[in-house]
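Asker: Here's my sequence, what's the structure:
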Amino acid sequence: MNPTDREMPDHDALARAFRAGDAGAFRRLVESQSRTLMATAWRYTADWETARDLTQATWVKVWERADRWDPGRPFRPWLLAVHRNTCLSWLRRAARRREELTATPGAGLAAPAGEHPEAALGRREFAAGLRQAIRRLSRRQLAVFTLVDLEQTDQREAAGRLNMAAGTLRATLHAARRKLAGQLRKLEVEP
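Answerer: Model (predicted):
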């Protein structure tokens with residue numbers, strides 16, 4: 001059978017079977033959705049090992065929380081929401097760890113091999129400024145920005161997943177980008 005001729009699995013039917021105790025259905029869900037989850041996690045982390053860990057963590061949560069999925073609703077959006085929350089939690093923990101490192105005198109000052117110390121300092125300052133700017137987004141702006149700009153989700157699909165009108169999503173995304181740009185402009189140094 002040609003890979004393009006393969007029929008997409010019925011995720012809802014597999015999820016219902018998994019909830020009923022069919023471990024094979026869970027395996028098929030993992031096989032059919034892990035590539036998508038890995039790609040999404042990589043967009044958050046830019047590291048394949050971390051993306052793999054986040055994907056595994058998502059599947060563990062799905063296994064443990066299968067009873068929280070409403071069989072009357074599609075499975076895939078629920079799965080993607082669990083994964084997005086897993087990735088966002090990782091980002092928050094990573095930001096806290098970086099803040100703790102930079103709060104310790106001398107910690108985190110070593111530049112990667114071959115990087116000029118001034119470039120490393122600029123990169124760290126920009127990253128800190130970006131984290132600070134992202135923290136200033138409203139919850140709605142953060143959700144839209146994450147789905148559309150970080151996860152590269154189509155705007156129509158993002159609007160559906162967030163239960164938001166397409167025009168509202170575009171306006172919210174514009175406001176989030178504008179707020180981030182304004183915050184990042186403050187970091188620019190005049191010559």
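Asker: Please parse this protein into its domains.
Answerer: 8-104, 115-191 (automatic domain parsing).
Asker: Pull stretch 43-61 out as CSV, backbone CA atoms only.
Answerer: The C-alpha atoms that make up stretch 43-61 are tabulated as CSV, following Å, rounded to 0.1, in the frame of the first residue of the first chain:
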residue,chain,number,x,y,z
ARG,A,43,8.8,24.6,18.1
TYR,A,44,8.7,25.4,21.8
THR,A,45,12.2,24.0,22.7
ALA,A,46,14.3,23.9,19.5
ASP,A,47,15.8,20.7,21.0
TRP,A,48,14.8,17.2,19.7
GLU,A,49,15.6,15.4,23.0
THR,A,50,13.5,17.8,25.0
ALA,A,51,10.7,17.6,22.4
ARG,A,52,10.8,13.8,22.8
ASP,A,53,10.6,14.1,26.6
LEU,A,54,7.6,16.5,26.3
THR,A,55,5.9,14.2,23.9
GLN,A,56,6.3,11.2,26.3
ALA,A,57,5.1,13.3,29.2
THR,A,58,2.0,14.2,27.2
TRP,A,59,1.3,10.5,26.5
VAL,A,60,1.7,9.7,30.1
LYS,A,61,-0.8,12.4,31.0
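Asker: Please work out the average pLDDT along that stretch.
Answerer: Computed over stretch 43-61, the mean pLDDT rounds to 90.
Asker: and it, how far out from the chain's middle?
Answerer: 9 Å (C-alpha atoms, centre = their mean, to the nearest Å).
Asker: Can you point out the buried residues in that stretch?
Answerer: Within stretch 43-61, the residues scored as buried using 16 or more other C-beta atoms under 10 Å are 44, 45, 50, 51, 52, 54, 55, 56, 57, 58, 59, 61. From N, CA and C alone the C-beta is placed, and that goes for glycine too.
Asker: coming back round to it: ranked by average pLDDT, which of the domains of the chain falls at the bottom?
Answerer: Among the domains of the chain, domain 115-191 scores lowest, at a mean of 81.
Asker: Tell me the helices and strands packed up against the lengthiest helix in the chain.
Answerer: For the chain, the longest helix by residue count, based on DSSP state H, is helix 75-103. The contact analysis (3 or more C-beta pairs under 8 Å, 6 or more residues apart in numbering; DSSP states H and E) places helix 75-103 against helix 11-19, helix 23-45, helix 48-64, helix 117-135, helix 155-161.
Asker: okay if I get those as JSON lines plus distance to residue 76?
Answerer: Shown next, in JSON lines, are the helices and strands packed on helix 75-103 (distance: least, C-beta to C-beta, whole Å):
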{"stretch": "helix 11-19", "distance to residue 76": "5"}
{"stretch": "helix 23-45", "distance to residue 76": "7"}
{"stretch": "helix 48-64", "distance to residue 76": "11"}
{"stretch": "helix 117-135", "distance to residue 76": "26"}
{"stretch": "helix 155-161", "distance to residue 76": "10"}
